[in-house]
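Trainee: return atomic coordinates for the entry below.
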Amino acid sequence: RQEDSHEFMRCLFEALNKVFPSLGDRIGSSRWTVFHVWFQGSLQSQIRCLSCSQESNTLDPFLDLSLELLSPRGGCCSSVNAAMALFMQEEFLEGQNRYKCERCSQLVRARKQFTMREAPRYLTVHLKRFSFALGGLGGSGKIS
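Mentor: Predicted coordinates for the structure are as follows:
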């Protein structure tokens with residue numbers, strides 16, 4: 001079976017998670033292991049309606065982050081810090097991508113942003129180095 005490095009890492013994480021003993025007795029969850037203590041973090045996704053300022057906050061656990069190296073404006077990130085800033089940058093939901101606000105009961109413009117709610121002890125990052133542009137692969141380069 002052929003896999004890219006990210007798929008390999010995910011399979012490795014899953015296998016290691018099965019090997020490590022459970023910490024369920026200590027914290028009340030049978031699926032929590034030493035592996036989670038080391039690698040799991042939490043992202044908060046916040047969407048704010050620009051009409052009424054209603055906020056929707058969602059917490060999502062993660063074991064790794066996939067970071068784009070190419071910005072939507074065509075530039076390229078030169079460092080992991082720049083890629084992380086791009087990942088955390090606010091975006092606006094508008095046009096065909098408007099948000100359905102519960103308070104307004106309609107599709108509205110909204111602001112969406114990820115923030116790191118809880119950082120893992122060891123952050124694992126997947127760098128998305130390639131993009132499909134004009135029918136071919138593009139976007140490869142060194143970063144620091």
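Trainee: C-alpha from now on. contacts and neighbour counts both.
Mentor: Noted.
Trainee: helix, strand, or coil at R117?
Mentor: At R117, secondary structure determined by DSSP: H, G, I helix; E, B strand; the rest coil is strand.
Trainee: ok, E7 next?
Mentor: In terms of secondary structure, E7 is helix; the call rests on three-state DSSP.
Trainee: one more: the one 3 residues further on?
Mentor: Going by three-state DSSP, the secondary structure assigned to R10 is helix.
Trainee: same question for G74.
Mentor: Secondary structure assignment for G74 (three-state DSSP): coil.
Trainee: pLDDT value on it, please?
Mentor: The pLDDT attached to G74 in the predicted structure is 74.
Trainee: and E3, by the same measure?
Mentor: Among the per-residue scores, E3 holds a pLDDT of 58.
Trainee: residue ranges in this protein under the pLDDT threshold?
Mentor: Per-residue confidence for the chain (pLDDT under 70) gives these ranges: 1-3, 21-32, 129-144.
Trainee: run the last query once more with 50
Mentor: Across the chain, the ranges flagged by pLDDT under 50 are 134-140.
Trainee: where do the helices of it begin and end?
Mentor: With DSSP state H applied, the chain shows helices at 5-19, 24-27, 34-39, 80-88, listed in chain order.
Trainee: enumerate the positions of the longest one that are buried.
Mentor: Going back to what we said before, that points to helix 5-19. F13, N17 (16 or more other C-alpha atoms under 10 Å).
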